[in-house]
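>>> got a sequence here, can you model it:
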Amino acid sequence: MIVVMGAAGATGGATLRSLAALGAPTRALSRDPARLASSLDARTLARTSVHPADAADPRSLRDAFRGARRLFLTMANGPHQVRHELNAIEAALDLGIEHIVKVSAPAAEPDSPVAVSRGHHLVEERLRSCGIPATVLRPYAFMQKLLLLAPGIAAAQVVHGAMGRARCNYVDVRDVGDAAAAVLTHPNPLGGALPLTGPRAYSHQELTALLGELLGRPVRYLDLSPAAFHAHLTGRGGMPEWLAAHVVEIQRLAVLREETPDDDAFRRLTGRAPRTLEAFLRENLDRFRHPLPPGGPGPVVIPC
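Model prediction:
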């Protein structure tokens with residue numbers, strides 16, 4: 001039995017669907033199991049049992065992990081992420097979980113300029129010391145996050161950011177799910193850290209040029225200073241302070257550290273090439289064509 005935490009999120013949901021496609025029996029955890037069950041497609045629901053659990057409640061995690069052998073661990077970024085993931089590791093220790101697959105970040109280091117990545121480092125340190133075999137997945141920016149741009153591009157054809165001409169790796173979250181499912185169903189724990197990217201990295205200028213070509217109209221990228229970009233996110237967008245700081249930090253990281261594609265791990269795990277950004281944009285092009293109803297778009301941000 002494979003337990004999936006964060007099952008209601010993008011990565012957890014993609015992993016559930018990939019596990020179902022492989023026929024793997026899976027237990028999905030949620031604070032609202034009825035809502036999660038209603039969101040699953042028929043094939044995924046047929047292979048998935050949905051259990052109540054709260055990452056803030058260690059007792060509920062121990063109940064949910066009982067009888068399982070493998071754990072997929074991904075939690076939403078936020079102030080409580082580290083504590084929740086550490087709770088899951090301790091419960092896994094208590095219940096005899098044999099392999100943990102954790103979704104982390106590319107720069108999970110103690111001195112990372114990204115606060116969330118420093119948190120991932122703390123969780124990884126506990127994983128290394130706990131004695132349970134663990135595999136760490138390091139996906140880069142999700143293509144699906146680009147859909148947050150769609151209303152603003154449809155309305156104003158402009159995108160804001162703070163990346164200069166730096167390139168960003170993008171990966172389709174469905175590919176992350178396929179990679180996670182391959183690791184979780186492998187006969188033996190693979191171990192180590194596996195980067196996950198698409199086949200090409202894009203600058204914001206290249207991305208907006210590609211969008212403009214596909215849409216048949218220009219899309220501009222407006223480059224701001226980090227301070228001005230932060231003010232744009234919290235002011236016009238009403239974004240929480242911690243989240244605005246996170247968006248600025250991850251864009252600055254791409255400026256400080258060149259991002260180059262590395263899809264070797266994905267190809268080894270799945271036997272195929274990762275999905276391309278162009279294919280993803282074509283698949284969702286109508287989302288970028290139609291503006292929001294009156295009320296206006298939120299902040300137009302490329303979430304690298």
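>>> in which helix or strand would I find residue 281?
helix 277-283 (DSSP states H and E).
>>> centre of the chain to that helix, how far?
Between the centre of helix 277-283 and the centre of its chain there are 18 Å (Cα atoms, centre = their mean, to the nearest Å).
>>> not counting its neighbours along the chain, what's nearest residue 93?
Distances taken as Cβ to Cβ, 6 or more residues apart in numbering put residue 130 closest to residue 93, at 5.8 Å, once the chain neighbours are dropped. To be clear about C-beta, it is placed using only N, CA and C from the backbone, and glycine gets the same treatment.
>>> hmm, residue 86 and the one you found touching each other?
No: assessed by Cβ atoms under 8 Å, residue 130 is found out of contact with residue 86, at 9.8 Å.
>>> what stretches of the stretch 101-250 of the chain score poorly on pLDDT?
237 (pLDDT under 70).
>>> which residues of it fall in strands?
134-139, 141-142, 158-161, 167-171, 192-196, 201-203, 220-223 (DSSP state E, counting those that start in this stretch).
>>> highest mean neighbour count across the ones you listed, which stretch is it?
Here the criterion is mean neighbour count by mean count of other Cβ atoms under 10 Å, and of these the winner is strand 167-171, at a mean of 25.
>>> that strand vs strand 192-196, what angle?
100 degrees (axes from the mean of the first three to the mean of the last three Cα atoms, to 10 degrees).
>>> give me the contacts around strand 167-171.
Applying Cβ atoms under 8 Å, 6 or more residues apart in numbering, the contact partners of strand 167-171 are 106, 139-143, 146, 196-198, 201-204, 206-207, 254, 258-262, 274, 277, 302, 304.
>>> tell me the strands beside it, with direction?
Partners of strand 167-171 in the sheet, by DSSP bridges, are strand 141-142 (parallel), strand 201-203 (antiparallel).
>>> and residue 227, how many neighbours?
Residues lying near residue 227 (other Cβ atoms under 10 Å) number 10.
>>> just residue 93 next, same as before
Residues near residue 93, counting by other Cβ under 10 Å: 15.
>>> now the helix or strand hosting it and strand 134-139, what's the angle there?
Per DSSP H and E, residue 93 falls inside helix 81-95. Put simply, helix 81-95 runs at 150 degrees to strand 134-139, going by the same axes, to 10 degrees.
>>> which helices and strands sit right next to helix 81-95?
helix 58-65, strand 70-73, strand 99-103, helix 115-130 (3 or more Cβ pairs under 8 Å, 6 or more residues apart in numbering; DSSP states H and E).
>>> go again using 7 Å as the cut-off
helix 58-65, strand 70-73, helix 115-130 (3 or more Cβ pairs under 7 Å, 6 or more residues apart in numbering; DSSP states H and E).
>>> residue contacts, the residue nearest to residue 97 when sequence neighbours are not counted?
Closest residue to residue 97 apart from its sequence neighbours, by Cβ to Cβ, 6+ apart: residue 71 at 5.0 Å. Contacts for residue 71 (Cβ atoms under 7 Å, 6 or more residues apart in numbering) come out as 3, 5, 65, 88, 92, 97, 100.
>>> before we move on, back to that, now the helix holding residue 93 - C-alpha only, PDB.
C-alpha atoms of helix 81-95 as PDB (Å, rounded to 0.1, in the frame of the first residue of the first chain):
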ATOM      1  CA  GLN A  81       5.300  23.100   5.900                       C
ATOM      2  CA  VAL A  82       8.400  22.000   7.800                       C
ATOM      3  CA  ARG A  83       6.600  21.000  10.900                       C
ATOM      4  CA  HIS A  84       3.900  19.100   8.900                       C
ATOM      5  CA  GLU A  85       6.500  17.200   6.900                       C
ATOM      6  CA  LEU A  86       8.500  16.300  10.100                       C
ATOM      7  CA  ASN A  87       5.300  15.100  11.700                       C
ATOM      8  CA  ALA A  88       4.900  12.700   8.700                       C
ATOM      9  CA  ILE A  89       8.400  11.400   9.000                       C
ATOM     10  CA  GLU A  90       8.000  10.700  12.700                       C
ATOM     11  CA  ALA A  91       4.700   8.900  12.000                       C
ATOM     12  CA  ALA A  92       6.400   6.900   9.200                       C
ATOM     13  CA  LEU A  93       9.100   5.800  11.700                       C
ATOM     14  CA  ASP A  94       6.500   4.700  14.200                       C
ATOM     15  CA  LEU A  95       4.500   2.700  11.700                       C
END
